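Asker: Show me the folded form of this:
(chains A and B)
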Amino acid sequence: MPDPLVKIRNLHIEGRSDESWSPIINGVDLDLNKGEVLGLIGESGAGKSTIGLAAMGFTRDGVRISDGTVEFDGIDMVNASAAKKRALLGKRIAYVAQSAAASFNPAHRLIDQHTEGPVQHGVASRAQSQEDGIELYRKLRLPNPDQIGFRYPHQVSGGQLQRAMTAMAMSCRPDLIIFDEPTTALDVTTQIEVLAAIREIVEEFDTAAIYITHDLAVVAQMADKIKVLLRGDEVEEADTRTMLSSPKEDYTKSLWAVRSFERPEKPPAEPDAVPVVSVKGVTAAYGKVDVLHDVSFDIHAGRTVAVVGESGSGKSTAARCITGLLPPREGHVEFEGEAMPLDYKARSKEQLRQVQMIYQMADTALNPRKTIAQIIGRPVEFYMGLKGSALRDRVDQLLDQIELDPAQFRNRLPSELSGGQKQRIGIARALAAEPRFIICDEVTSALDQLVAEGILRLLARLQDELGLSYMFITHDLATVRAISDEVVVMKDGKVVDRGPKTEMFRPPHHAYTDLLLSSVPEMDPDWLDNLLAERGVDNIGDAAVDKM
Amino acid sequence: MSGSMIFLLGLAGIAAMAFLFRLAGQKATGDAPKFRDMSYGEAFGYMLAATLLILAVWYYFQPKVTEAGMANAGVVFFRWAVQGFLIFAAAAWLFRLLGRNVGTAWTRKLFRQMPLTASFGILVILIYAFVAIFAGAIAPHGQEEILGAANVIAGGDPALGGDPAYPLGTDQIGRDILSRLIYGAQNTVGIAFITTILAFLLGGTFGFLAATLGGWLDQLLSRAVDVLMAIPSLIFALLLMTIATVWAPKLGIPLTWFMIVIIAVIDSTRVYRLARAVGLNIVVMDYIEAAKLRGEGLGYLVFKEILPNATAPLLAEFGLRFCFVFLTIAALSFLGVGIQPPLADWGTMVRDLAQFINFAAFSPMAAVTPLLAAGAIALLTVGVNFVVDWMLHKSSGLKE
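Answerer: A predicted model of the protein is given here:
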């Protein structure tokens, strides 16, 4: 057996915090052969990206390799000189970052950035490299490959940009590409075409790849073998099929089990019951452009309505119309059968109290300069007029409800909390107003799967205890399956399909719902192959959406 | 050989030395990463710094008196500058050491992470504050008191025309310069402080209002600020102050109050811009939206939600703005429309004593008098900027 392309032994990496070095990676081994794809999975903070970068002999600022060896094709990358690394990076090792939009220089055209590497490394002349770039764009099935390179990054869509970046990584035909969560920021329908393109081109050029992601279903499609990481330690490694069918460790099993959470089905609401919130023929516009067209749906007491669609489909705009942040141009919103004023400024304190919101990014939803007790206590004080020890008791009670220890958390700042804990505080702030209706705007999409599952279980429990109604905005169909009672599918500002969950997940569907459902990666390593065989390579992603 | 030839040859020499230095480093350390990955520019920088250091040391040890018997003023002032620098560095180091071992856990931690420049700045600010507050108790004479001898030279050496009773000498009409410097701290720094606070109250309030409310109010305020900013600030201040000198006696209000308001309004335009820009970034946050949807009033939004998140940039701006205000006051006083005599003020002192600089070639001590007031201004400006730099670094590095 030949020597592996990448050989990492006993890798220890430390990060500097508060004047001392604390371990990030504790002795990880890694072997990657030529043409092989390794999936690295784990929660955020598991050290996936750190290992990916270390394979290039690179560490971020304030991080150092303290022990162990990293060999690339027999070259010691830890002790290599800057000049030697410069000769390798970009030419034989390439990197594809999570956010292509942030990684391209907005001031240069795509093709100019594409040719930079080959010209710099003396692999090809500018003209040759440009021609090759167009060829790669064609292989990656970018629309209009002859011209797309001459656009600036802001002129192409996110999925196209991610493919252009993959093409750029390929420009010198590297032996190794490190993909750092390349599809995390994309919609399901866009993700699928990027996945197909990456896999195809990696196979064609027999490139080895390290594929970093937290999405198990994605890694199942891409990788030959999978390594699971937990807080800087390797949990286990196995080839993809073995790993999916029979994981050994408890932690891996728990990761696999997340996808199985599904709350029990509820009977449909009484046909003549007055819905808690009723959206009636709402048309809304930003400036002169209509972004919502005649949208209507009802949300009944104690039920969850999931609003699904790609980004730009008008899900969040619908929420803004309900809260009154964006007064609709036509139509209105009823709360328990009574029409609410369109603008939130015209609503009474009581009306405002009944509709609460939980945000996607807990980081920006909590004031970083206020303690948890202040954040949760403010609505209590504002709406209920509680003061002193009564206020304190109520805050403690709310913290208990979201399963955080009051003594430990009440005086902390948001920056001292983890992502999942912050999201729980966001929930507590909404609960503090004692509303009947809560809008959850992508509340789990920024969280790891295990943490997200905890949040979903909490929301489900609170609904049962307090009889809350949720409007659950999401693009993740696994979440929809887990928590919703009814589903509303939106596209281009219109409701294209709606109905109880059980009906929506059972064929026959509306054509667009079908496309959405079939684009969600499944934990089956053959899923992408089957799908491509079924739909044909030219009929996935944006192309399929456009044909509707 | 001409001067430019020497200069070019020197540069070539440094360039050659840089190459040798890097090569020697690589050989001597057996290719340690530091030397192995050193760029040529870095090596050149090291050699340039070394050359300048050697030149400085050489210049420091030149004789104080030239062969013709004249004082070599350049060398004298250079020695003072170096000695002053070393003394201040040592004082700052001692001050930091003190801070690390005395006080609460929080201040001790603060001092542990503090760079030397910041502790120097804090020390300078503390000394100025002390002098300004206790000016009446420290100063040996009154600021307006005219004493016996005029034009006594600093240094207190009778052989050179000094007087031990007046260690820093006296001015043209016989007022003690040390006392006037001390009172100057009170007048100049005190007025600058009040002016800056007023500028921040005005600019900050309107800036946050514009950011939160937007619409026509934002347009109105921003365009008004644009108009004010389009006029060169010093000339504008000068113009308004000239008008004020006519009004002040008629209305019976001291001219100083006019100056405070005029400078505060002009400087508040800069604060407005910053507060509005910072405010706009905060207003789009989800927690502001949450507060709006809760039904919170404008006051709560501005003071409880926006202001706490804007303190870091505003505080940094406060330090810088204080320096600018302070320099504007000194400049106005220098031009004769600022703080009025007989009140002691550093800007006025520089103007009144400026002609003594011409005597530097004959007696460095005679030239030092106007430089003392100028130095007092410079020192505070440098100190405040060091502290501001540090706070900016802290607020960006420890982003929560």
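Asker: Which helix or which strand is home to the residue of the stretch 101-250 of chain A found nearest chain B?
Answerer: Nearest to chain B in the stretch 101-250 of chain A, going by CB to the nearest CB, is A:Gln120, at a distance of 17.0 Å. For glycine as for every other residue, the C-beta is placed from the backbone atoms N, C-alpha and C. Taking DSSP states H and E as the definition, A:Gln120 sits inside helix A:110-121.
Asker: what's around the residue in the stretch 51-200 of chain A that chain B sits nearest to, how many residues?
Answerer: Taking CB to the nearest CB as the measure, the stretch 51-200 of chain A has A:Ala82 as its residue closest to chain B, at 4.0 Å. When neighbours are defined as other CB atoms under 10 Å in any protein chain shown, A:Ala82 has 13 of them.
Asker: Could I get the contacting residues of B:Pro308?
Answerer: Residues in contact with B:Pro308 (CB atoms under 8 Å, 6 or more residues apart in numbering or on different chains) are A:367, A:369-370.
Asker: Next, give phi and psi for it.
Answerer: phi -60, psi -30 (degrees, to the nearest 10).
Asker: Without its sequence neighbours, what residue ends up closest to residue 62?
Answerer: You didn't pick a chain, so chain A it is. Of all residues not flanking A:Gly62 in the chain, A:Arg16 sits nearest, at 4.5 Å (CB to CB, 6 or more residues apart in numbering or on different chains).
Asker: looking at chain B here, not the other one
Answerer: Among residues not flanking B:Gln62 along the chain, B:Val75 sits closest, at 4.8 Å (CB to CB, 6+ apart).
Asker: does stretch B:192-209 come close to chain A?
Answerer: No: Stretch B:192-209 stays clear of chain A (CB under 8 Å from any CB of the partner chain), getting no nearer than 14.9 Å.
Asker: quick one: low-confidence parts of the chain?
Answerer: Here I'm looking at chain A. By pLDDT under 70, the low-scoring segments of chain A are A:1-2, A:18, A:185, A:257-260, A:269, A:536-548.
Asker: ah, I was thinking of chain B
Answerer: Within chain B, the ranges that satisfy pLDDT under 70 run B:1, B:67-71, B:156, B:160-161, B:395-400.
Asker: how far out from the middle of the chain is the longest helix seen in it?
Answerer: Criterion DSSP state H: the longest helix present in chain B is helix B:364-397. Centroid separation for helix B:364-397 versus its chain: 4 Å, with CA atoms, centre = their mean, to the nearest Å.
Asker: how about the residues of the stretch 201-350 of chain B that lie near chain A?
Answerer: So the stretch 201-350 of chain B meets chain A at B:285-287, B:289-290, B:292-296, B:305, B:308-309 (CB under 8 Å from any CB).
Asker: Unless I misread the structure, A:Val70 falls within a strand.
Answerer: Yes: the assignment for A:Val70 by DSSP: H, G, I helix; E, B strand; the rest coil puts it in a strand.
Asker: Identify the residues contacting it.
Answerer: Taking CB under 8 Å, 6+ apart as the test, what A:Val70 contacts is A:6-8, A:11, A:54-55, A:57, A:76-78.
Asker: can I get these in a markdown table with distance to A:Glu249, neighbour count and secondary structure?
Answerer: Shown next, in a markdown table, are these (distance: CB to CB, whole Å; neighbours: other CB atoms under 10 Å in any protein chain shown; DSSP: H, G, I helix; E, B strand; the rest coil):
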| residue | distance to A:Glu249 | neighbour count | secondary structure |
| --- | --- | --- | --- |
| A:Val6 | 24 | 24 | strand |
| A:Lys7 | 24 | 18 | strand |
| A:Ile8 | 20 | 22 | strand |
| A:Leu11 | 20 | 25 | strand |
| A:Ala54 | 23 | 24 | helix |
| A:Ala55 | 23 | 26 | coil |
| A:Gly57 | 30 | 22 | coil |
| A:Asp76 | 32 | 12 | strand |
| A:Met77 | 29 | 23 | coil |
| A:Val78 | 29 | 16 | coil |
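Asker: Take these and write them to CSV, including distance to A:Gly324.
Answerer: Compiled in CSV, these are given as follows (distance: CB to CB, whole Å):
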residue, distance to A:Gly324
A:Val6, 55
A:Lys7, 60
A:Ile8, 55
A:Leu11, 54
A:Ala54, 50
A:Ala55, 51
A:Gly57, 54
A:Asp76, 62
A:Met77, 56
A:Val78, 58
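Asker: now residue 273, nearest residue through space, not along the chain?
Answerer: As the question left the chain open, I've gone with chain A. A:His300 (6.1 Å).
Asker: Chain B was what I was after
Answerer: Leaving aside its chain neighbours, B:Arg273 sits nearest to B:Val225 (6.7 Å; criterion: CB to CB, 6+ apart).
Asker: rewinding a little: and whichever strand or helix holds the residue nearest to A:Gly62, what does it pack onto?
Answerer: Using DSSP H and E, the secondary-structure element containing A:Arg16 is strand A:6-17. For strand A:6-17, the packing partners by 3 or more CB pairs under 8 Å, 6 or more residues apart in numbering or on different chains; DSSP states H and E come out as strand A:20-32, helix A:48-54, strand A:63-72.
Asker: ok, and what's touching the first one?
Answerer: So the one you mean is strand A:20-32. Contact with strand A:20-32 is made by A:4-16, A:38, A:47, A:50-51, A:54-55, A:63-64, A:66-68, A:176, A:208, A:210, A:227, A:229, A:232-234, as judged by CB under 8 Å, 6+ apart.
Asker: what about the helices in the stretch 1-150 of chain B?
Answerer: If you assign secondary structure with DSSP state H, counting those that start in this stretch, the helices in the stretch 1-150 of chain B sit at B:3-28, B:33-36, B:40-60, B:73-101, B:105-112, B:116-133, B:135-138.
Asker: Any buried residues in the second one, and which?
Answerer: With burial defined by 16 or more other CB atoms under 10 Å in any protein chain shown, the residues of helix B:33-36 counted as buried are B:35-36.
Asker: tell me which strands and helices that helix is in contact with?
Answerer: helix B:3-28.
Asker: could you redo the last one with a cut-off of 10 Å?
Answerer: With contacts taken as 3 or more CB pairs under 10 Å, 6 or more residues apart in numbering or on different chains; DSSP states H and E, helix B:33-36 sits against helix A:82-88, helix B:3-28, helix B:40-60.
Asker: Quick one, which of the ones you listed gets closest to A:Val489.
Answerer: Judged by CB to CB, the one of the helices and strands packed on helix B:33-36 that comes nearest to A:Val489 is helix A:82-88, at 47.9 Å.
Asker: which parts of the following helix or strand past the closest one are buried?
Answerer: Next helix or strand after helix A:82-88 toward the C-terminus (DSSP H and E): strand A:93-96. Within strand A:93-96, the residues that count as buried by 16+ other CB under 10 Å are A:93-96.
Asker: out of the helices and strands packed on strand A:6-17, deepest packed?
Answerer: helix A:48-54 (a mean of 22; mean count of other CB atoms under 10 Å in any protein chain shown).
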